[in-house]
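Enquirer: Provided below for reference: sequence and predicted model.
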Amino acid sequence: MLSGLTIRGRCLLAAGVAAGICALVLDERDLLRVSAFVIALPLLALALSGQVRFGVAARRVIDPPRVEVGSRADVQLHISGSGRLPADGLVLEDGTPHALGGRPRFRLPIVPRHGGQVLTYSVIPALRGIHHIGPLRTWIGDPFGLALFDRELAGRSRLVATPQVVQLAGLPAGSGLGTGEDGTARLRAGHGEDDAMVRQYRQGDDIRRVHWKSTARRDELMVRVEERPWHGGVTVLLDRRSAAHRGNGAGNSVEWAISAVASICLHLAQHGQQVRLVTEDGHPLTRNIGGDDGGRDEALLDSLAAVRPSPQRDLECSRDPGDGHELIAVLGETTTAAVAELTKLRPQETRSIAVLLAVRSWNGDGAGNDVDDAARRLRAAGWTVVVADGPRTPISEVWRELCGQTKAGDTAGMMQ
């Protein structure tokens, strides 16, 4: 009940109680009167301040409500008096998270009843995420500074800090990327229309899905693939495992990976590709990225803004993460077992691309041999691999190198 008292009010109340005890011990009535007055003064201030009807209204407008990390958003506070008399001597503080900077404070000498006043400040998000600004608070006290109560004028507003999107140029050659051609259609070239899409048998597959014609031809158990990839579809995989990344804050390698994935997905969607984004456990974040109204692009950026690192220790895919589609995987630290799992699940005839992050460089420890070993094993399995050497490696440079490797690979295949 006494939480609204200031330090001055608490000290005055304690002095009054002490004076009252002394008055009783010494049998001093005059001191008792003084004690009663000193005790009553902070309690009266507390009661009056707590019952004040505060006639101030406020609302918050954030423009724009969605910005990239490092970009500026303007916050407007519209303050107006709603009581019969103008409010004066207000101190306002708007709550902002640490990633948006310090809490802005304003002192208003007077708030007129008509027209009000607009206060403006800017925030620059340093970290990706969904940030909540607010609540907006002010304080009501008595003239003697004995009691102080805070009042909430406006609730919380959401500001979405999206990952940085880098402009990319070009597309990987072949396998349908950028050509509108379904990459898996070429698997059926030269065969009859009755041929089914097949893959190697894995433990747990339904024996009724065994394709006996392909099994006899290849001399190993083959099963039908019931899901057909969509026309020109591409799956982008984001490796968000905390154990697979290094660095702190905005300089973490997972932030580089998220920015790269956002750039790649939007770039492919702008070139007419249907893009699906999945995480390392195969969970889809968004489907069919792209659209004339830009709504799906915003859904992608909102999903990536809310992504949090996963506690999963290793890549544990129970099925092909691309579901038979062309795959672009942005991977952190990848073990030999994870590489073996990925290469086993992916059909060799389907285009697979990997961007490997030399995550130890994010701690300044150098690339190390692990990333070279993973790259070598993936290339041996037919993957196109590009290594990002460190936090200063531009995403556009990695994409340009990737496009160059696929074009070189296609040219070599035609010469053969």
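Expert: Happy to help now that I have it.

Enquirer: find the nearest non-adjacent residue to Leu221, please.
Expert: Distances taken as C-beta to C-beta, 6 or more residues apart in numbering put Tyr201 closest to Leu221, at 3.5 Å, once the chain neighbours are dropped. Yep, even glycine has a C-beta here, placed from its N, CA and C like the rest.

Enquirer: so what does Val307 have for phi and psi?
Expert: Torsion angles at Val307 (phi, psi; degrees, to the nearest 10) stand at phi -70, psi 140.

Enquirer: how many residues are close by Trp212?
Expert: 9 (other C-beta atoms under 10 Å).

Enquirer: how far away is it from Gln348?
Expert: Distance of Trp212 to Gln348, computed by C-beta to C-beta, to the nearest Å: 21 Å.

Enquirer: end to end on stretch 43-56, go ahead and measure it.
Expert: One end of stretch 43-56 to the other measures 25 Å (C-alpha to C-alpha, to the nearest Å).

Enquirer: in it, what's buried?
Expert: Neighbour counts over stretch 43-56 (16 or more other C-beta atoms under 10 Å) mark Leu43, Ala45, Leu46, Ser49, Val56 as buried.

Enquirer: which residue lies farthest from the center of this structure?
Expert: Note on the chain: the largest C-alpha distance from the chain mean falls to Asp27, namely 69.7 Å (C-alpha atoms, centre = their mean).

Enquirer: so which residue is dead centre in this protein?
Expert: Ala305 (2.4 Å).

Enquirer: wait, isn't it in contact with Val165?
Expert: No. Contact criterion C-beta atoms under 8 Å: Ala305 and Val165 do not qualify, at 11.7 Å.

Enquirer: picking that back up, filter the buried residues of stretch 43-56 down to the ones in strands?
Expert: Val56 (DSSP state E).

Enquirer: want to throw the buried residues of stretch 43-56 into JSON lines with pLDDT and distance to Thr235?
Expert: Shown next, in JSON lines, are those (pLDDT from 0 to 100; distance: C-beta to C-beta, whole Å):
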{"residue": "Leu43", "pLDDT": "91", "distance to Thr235": "68"}
{"residue": "Ala45", "pLDDT": "88", "distance to Thr235": "66"}
{"residue": "Leu46", "pLDDT": "86", "distance to Thr235": "63"}
{"residue": "Ser49", "pLDDT": "79", "distance to Thr235": "61"}
{"residue": "Val56", "pLDDT": "83", "distance to Thr235": "53"}
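
Enquirer: which pair in the buried residues of stretch 43-56 spans the largest distance?
Expert: Leu43 and Val56 (25.9 Å; C-beta to C-beta).

Enquirer: so where is the stretch 1-150 of the chain shaky, pLDDT-wise?
Expert: 1, 52-54, 82-89, 112-115 (pLDDT under 70).

Enquirer: what segments of it are strands?
Expert: 56-63, 66-68, 73-81, 87-94, 105-111, 117-123, 129-133, 136-141, 148-154 (DSSP state E, counting those that start in this stretch).

Enquirer: alright, calling it a day.
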